[in-house]
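[1] Next one to model:
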Amino acid sequence: MRQLALKSRDIDGTGERQSIVPGRNEGKFAVYQRLPGAIARGLFVILLIILPSAFLPSSSGDARVVVMLVALFAAIFTIAEYSSQSPSLIEFRDAPPYNRVRFIALFIAIFAMSVILSGDASHTPSTFVMFFDVIGERIGASIDFPYSPVRLMLVMMPNDTSPEIMSSLRTAAGLSYLASLVSLLVFIILLRMRAWPRRSKTFNVWVNLPTFDPAAGGDVVDRLNRDSLVNLMLGFLLPFIIPAMLKVAWTFTNPLSFEDPQTLIWVVAIWAFLPASLLMRGVALSRVAGMIHVQRKKAYAAAAAEGMLPI
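    Okay, the predicted model is just below:
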């Protein structure tokens, strides 16, 4: 039975971390192989963070310096996570396209909002900017219906908010929320089509879920299913809870000033993509739990066929 349990843990990737290389040199070579991809990801992170400041004017002279510092630290963190032998915070590093779908959707939303709001700041917007503005305005108006998350984002604003800011917020919120929903749909489709996360190589739970401790106690499958349910519930409720929390908080403190378009972009992006990320994580954890359950059944069936289980 002990051998069967160890075999099952090795199959589903929940066993203790074991080295599959004869020495340290091959491990270092693997790190060097990951380094170019990690550097490329770091550069894309820098590009994402500086997009709004590149398109839009800032109300503070030191804002660009702060943005560059944040982008630099985020890039260093990304390079360290993707080049190391095992990450510390980033999940599903070796299970694409989980992180790629989230990043691409966020990048598209940030780029579109930056282009649209740059047209509002410009006296003579170009045809390219007007094209994005018309599409974003129609998307925002179509999603702005009673009790929708976009309507709640508008209701949370103070009564003295200018119509221009309300229009920009409606456009940005509708565009970001649609992008987050599309990213979730794309991930589910890819999950079905490509048999994510396990295709041709063994899925290692320890590497792809660094914040999840398989040895913390309790059944791994039950814990993964429970975490999946919690993430799905939070992901569904947060688009409605966040505006209400901001509304309550602004009764005690000064509300955020959306006159700065960069503030509007990042607040709306967090509001739209944090719930979508939680929903995707819930779906991913449920998939991993199901995969482990199937591998367990196969391991026990094989052990039963070999007569290793007690009668």
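
[2] Centre of the chain to stretch 249-256, how far?
    Distance, stretch centre to chain centre, for stretch 249-256: 28 Å (CA atoms, centre = their mean, to the nearest Å).

[3] Pull out the buried residues from that stretch.
    For stretch 249-256, a neighbour-count test (16 or more other CB atoms under 10 Å) marks nothing as buried. In this view, the C-beta of every residue, glycine as well, is placed from N, C-alpha and C.

[4] any idea of the mean pLDDT in the longest helix along the chain?
    Ranked by residue count, the top helix of the chain under DSSP state H comes out as helix 261-305. Averaged across helix 261-305, pLDDT comes to 89.

[5] elements contacting it?
    Using 3 or more CB pairs under 8 Å, 6 or more residues apart in numbering; DSSP states H and E, the elements in contact with helix 261-305 are helix 2-12, helix 24-55, helix 98-121, helix 163-193, helix 205-208, helix 220-249.

[6] Nearest to Ala80, out of these?
    Closest approach to Ala80 among the helices and strands packed on helix 261-305 (CB to CB): helix 24-55, 7.8 Å.

[7] so Phe111 sits right up against Pro52, yeah?
    No. Under the criterion of CB atoms under 8 Å, Phe111 is not in contact with Pro52, lying 9.3 Å apart.

[8] Look up how far Gln33 lies from the most centrally placed residue in the chain.
    The centroid of the chain falls nearest to Ser277 when counting by CA atoms, centre = their mean (4.0 Å). Distance of Ser277 to Gln33, computed by CB to CB, to the nearest Å: 28 Å.

[9] Same check on Ala172?
    With CB to CB as the criterion, Ala172 and Gln33 are 40 Å apart.

[10] What residues does Asp133 make contact with?
    Asp133 is in contact with Ile116, Gly119, Asp120, Pro125, Thr171, counting by CB atoms under 8 Å, 6 or more residues apart in numbering.

[11] Minimum pLDDT in the residues you listed, which residue is that?
    Minimum pLDDT across the contacts of Asp133 falls on Asp120, with 66.

[12] All set, thanks.
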